[in-house]
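Got a predicted structure here, sequence first:
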Amino acid sequence: MGGLKGRDLLSMTDLSAEETLALLQLAADLKQGKIKPVCQKNLGLLFYKASTRTRVSFFAAMTQLGGQVIDLNTGSMQIGRGEPLQDTARILDGYLDVLAIRTFAHADVETYAKYARMPIINALTDLEHPCQVLADFQTIQECFGQLAGLKLAYCGDGNNMAHSLLLGCATVGMDIAIACPANFMPDLQIVNQAKSIAAIQGTQVLVTQSAQAAASEAHIVYTDVWASMGQESESDVRIPLFQPYQVNAELLTLADPNSIVLHCLPAHRGEEITDDVLEGTRSRVWDQAENRLHAQKALLASVLGAV
C-alpha cells in the first residue's frame, strides 16, 4: 500500500477501486494476524463531535501498531478561542504524524489538508464518513466474498452515510439504492457524481422515496439514525416522516433471502430499526462495529508507510 503513503482520506472519491480493495485485503490480513506491522508514530484525534466507535477504534488501532495517540481537547486549545484553522493545522503538523478529524463542516477538514503536510483523515463530517464505509465493505466481503455485483439498499436520512455509501458503492462496482423522504434526499451533486462513476463501472444508482423499491432483491439492507448529531431537536418532526423507512421484518421479505443488515450505530431501537432485526440472524452490526478497528488500522498503516 505504498501508494497511499502520505495521502489524505477526506472522501471515498480519494480512493480508487483498486486502492479500496487493497485496503480491505490489508484489513483482513491484520484481523487474521497474518501480518503485524510496527508503526511508532503519533496520531492526533481532533474531535468536535461525540464519538464511541470512531474514537476508541482509532485509539486501539494506533496503539496496536505500536504508536501513540494524543486526544486533543478542542475546548482547552487555542482553536476554541478563535485561532484560525490554517494556523492550527501548521502547528499540529510539527507535532504529529497523522491527524483524524471529526467535525461538522467538511470545508474544515479540507483546510487542514491544505495547510498540513501530514495525512489528514476524515473521521466524520456532515458531508461524508469514509472510515465507516471501509468497515462496511470489509463486513460485506466477509459475508459474500465480494463487493462487485451486489446491491446495497440504504433506507433513511440522505446524510453523510448515504453520501459516502453512494460514492463508495459506485467506485467498487456495487449497485446502490437510496430511499429517503422527499425533503431529506442526499446532496444532488454527490448523487450525480456517484451516477457518473457508476456509468463507468456499469452499475446502478437509484434514489427513490420508496423503501420497498430500494430493498427489492438487495443483498445488504443498511440504515442510520433519523436525526444525526446536531439534529436532535428535529426528532419529533422527523420520526413520523421516516416511519415508512424503518428496517423491519416486513421490509426484509423484499430483500435477497441471504441478505444481511447493517447499521453504523448508535441505533435507536424501534425507530430506524426494530429490535428483532438488530438482534436477528441477518444482523452483522456487531461485526461491522468491530471492523472499524481493522479497517482503520489498515488505513493508518498505509498512510504512514508501515506496509
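Here it is on my side, so go on.

Please write out the alpha-carbon positions of the worst-scoring helix or strand of the chain on mean pLDDT in CSV.
Here the helix or strand of the chain ranked lowest by mean pLDDT, DSSP states H and E is helix 235-242, holding a mean of 90. Extracted as CSV, the C-alpha positions of helix 235-242 are listed here (Å, rounded to 0.1, in the frame of the first residue of the first chain):
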residue,chain,number,x,y,z
SER,A,235,-36.6,14.3,16.2
ASP,A,236,-40.3,14.9,16.9
VAL,A,237,-40.8,16.2,13.4
ARG,A,238,-38.7,13.6,11.7
ILE,A,239,-40.0,10.4,13.3
PRO,A,240,-43.4,10.4,11.6
LEU,A,241,-41.9,11.3,8.2
PHE,A,242,-39.3,8.5,8.5
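
need the next SSE after it, C-terminal direction.
For helix 235-242, the following helix or strand on the C-terminal side (DSSP states H and E) is helix 249-252.

Mind listing what's buried along that following helix?
Neighbour-count burial for helix 249-252 flags 251, 252 (criterion: 16 or more other Cβ atoms under 10 Å). All C-beta spots, glycine's among them, are computed from the backbone N, C-alpha and C.

Likewise for stretch 268-282?
Residues of stretch 268-282 classed as buried: 271, 272, 273, 274, 277, 278, 282 (neighbour count, 16+ other Cβ under 10 Å).

Excluding chain neighbours, what is closest to residue 169?
Distance criterion Cβ to Cβ, 6 or more residues apart in numbering; nearest residue to residue 169, sequence neighbours excluded, is residue 176 at 4.0 Å.

in what helix or strand does the one you found lie?
Going by DSSP H and E, residue 176 is in strand 175-179.

got the buried residues for the host helix or strand of residue 131?
Counting by DSSP H and E, the element that carries residue 131 is helix 130-144. For helix 130-144, burial by neighbour count (16+ other Cβ under 10 Å) applies to 130-143.

pull the CA atoms of it into CSV?
Extracted in CSV, the C-alpha atoms of helix 130-144 (Å, rounded to 0.1, in the frame of the first residue of the first chain):
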residue,chain,number,x,y,z
PRO,A,130,-15.5,7.4,4.6
CYS,A,131,-13.9,5.4,7.5
GLN,A,132,-17.3,3.9,8.3
VAL,A,133,-17.7,2.7,4.7
LEU,A,134,-14.3,0.9,4.7
ALA,A,135,-15.6,-1.1,7.7
ASP,A,136,-18.9,-1.7,6.0
PHE,A,137,-17.2,-3.0,2.9
GLN,A,138,-14.9,-5.3,5.0
THR,A,139,-18.0,-6.8,6.6
ILE,A,140,-19.8,-7.3,3.3
GLN,A,141,-16.7,-9.0,1.9
GLU,A,142,-16.6,-11.3,4.9
CYS,A,143,-20.2,-12.3,4.3
PHE,A,144,-20.3,-12.6,0.5
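
Can you give the domain ranges for this protein?
In the assignment given by automatic domain parsing, the structural domains of the chain cover 2-128+293-301, 132-288.

Pull up the pairing partners for the helix or strand just after the helix holding residue 131, direction included.
Going down the chain from helix 130-144, the next helix or strand is strand 151-155, by DSSP H and E. Sheet pairing for strand 151-155, assigned by DSSP bridges, gives strand 175-179 (parallel), strand 220-223 (parallel).

which of the buried residues of helix 130-144 lies closest to residue 292?
Checking these against residue 292 by Cβ to Cβ gives residue 135 as the nearest, at 4.5 Å.

pretty sure the closest one is touching residue 295, no?
Yes: shown here, residue 135 and residue 295 form a contact pair, counting by Cβ atoms under 8 Å, at 4.4 Å.

Only alpha carbons, please: show the biggest helix by length in the chain as CSV.
In the chain, taking DSSP state H as the definition, the longest helix is helix 285-303. Output in CSV follows, covering the C-alpha atoms of helix 285-303 (Å, rounded to 0.1, in the frame of the first residue of the first chain):
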residue,chain,number,x,y,z
VAL,A,285,-23.9,-5.0,13.0
TRP,A,286,-21.5,-6.1,15.7
ASP,A,287,-19.0,-7.5,13.2
GLN,A,288,-19.4,-4.2,11.3
ALA,A,289,-18.6,-2.2,14.5
GLU,A,290,-15.5,-4.4,15.2
ASN,A,291,-14.3,-3.9,11.7
ARG,A,292,-13.9,-0.2,12.4
LEU,A,293,-10.7,-1.2,14.2
HIS,A,294,-9.3,-3.4,11.5
ALA,A,295,-10.1,-1.1,8.6
GLN,A,296,-8.7,2.0,10.3
LYS,A,297,-5.6,0.1,11.3
ALA,A,298,-5.1,-0.8,7.7
LEU,A,299,-5.6,2.9,6.7
LEU,A,300,-3.2,4.2,9.3
ALA,A,301,-0.5,1.7,8.4
SER,A,302,-0.9,2.6,4.8
VAL,A,303,-0.8,6.4,5.0
